[in-house]
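S.K.: No sequence on hand, only this structure:
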C-alpha cells in the first residue's frame, strides 16, 4: 500500500488523487464547525509533534492494511489556526472495492484521536 502523510499549516487538498485499477475512493474531510462546547468560535488551533504523528499514522495504516488491503491512502492534518468551514483533517483511501476502503477508513478514524500526537489547543 502506498501511504502519503502530511502535517502542515497549509490548507488541505480538496481533490482526491486517482489511481488506475481502483474502483473506489473513500473520502473523509474533518471540517471545523462554528460551535465548540455550545459556543460560537472563529476556528480551532491544532498542535502536533509532527515526526511522531506521521510515524504513528503510518504504523496504524500498516497494521490496518493487513486486514483491509488498499492501494493507496492519503492523510493530511492541519496544524496552527484552522478557520470555521475549513478542513482540519482529510483522508482518502483508494481500493479495488469499496468495502475495504470504508473499513480501513472507519478503523483509522476511530484510532486517530486516541493514538496520534495531534492536539486541539482551544478555539478563538
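M.R.: Sure, I can see it. In this text, all values refer to a predicted model and were calculated from it rather than measured experimentally.
S.K.: which residue ranges form the strands in the protein?
M.R.: Here the chain has its strands, by DSSP state E, at 2-8, 24-31, 35-36, 39-40, 43-48, 72-78, 80-83, 87-95, 118-123.
S.K.: Strand partners (parallel or antiparallel) of the last one?
M.R.: Okay, so that is strand 118-123. strand 43-48 (antiparallel) (DSSP bridges).
S.K.: Equivalent analysis for the second one, please.
M.R.: Sheet pairing of strand 24-31 (DSSP bridges) gives strand 87-95 (antiparallel).
S.K.: how much does the partner strand deviate in direction from strand 2-8?
M.R.: Counting by axes from the mean of the first three to the mean of the last three CA atoms, to 10 degrees, strand 87-95 lies at 180 degrees to strand 2-8.
S.K.: and strand 87-95, which residues are buried?
M.R.: Across strand 87-95, burial judged by 16 or more other CB atoms under 10 Å covers 87-95. To be clear about C-beta, it is placed using only N, CA and C from the backbone, and glycine gets the same treatment.
S.K.: On the strand side of things, show who residue 82 bridges to.
M.R.: residue 44.
S.K.: Let me see the contact set for it.
M.R.: If a contact means CB atoms under 8 Å, 6 or more residues apart in numbering, then residue 82 has 32, 43-46, 88 as its contacts.
S.K.: and the closest residue to residue 24 other than its chain neighbours, what does it touch?
M.R.: Closest residue in space to residue 24, ignoring its immediate chain neighbours: residue 98 at 4.0 Å, by CB to CB, 6 or more residues apart in numbering. Residue 98 makes contact with 23-24, 26, according to CB under 8 Å, 6+ apart.
S.K.: measure the closest residue to residue 22 other than its chain neighbours to residue 86 for me?
M.R.: The shortest distance from residue 22 to any residue other than its chain neighbours is 4.4 Å, reached at residue 94 (CB to CB, 6+ apart). From residue 94 across to residue 86, the span is 24 Å (CB to CB, to the nearest Å).
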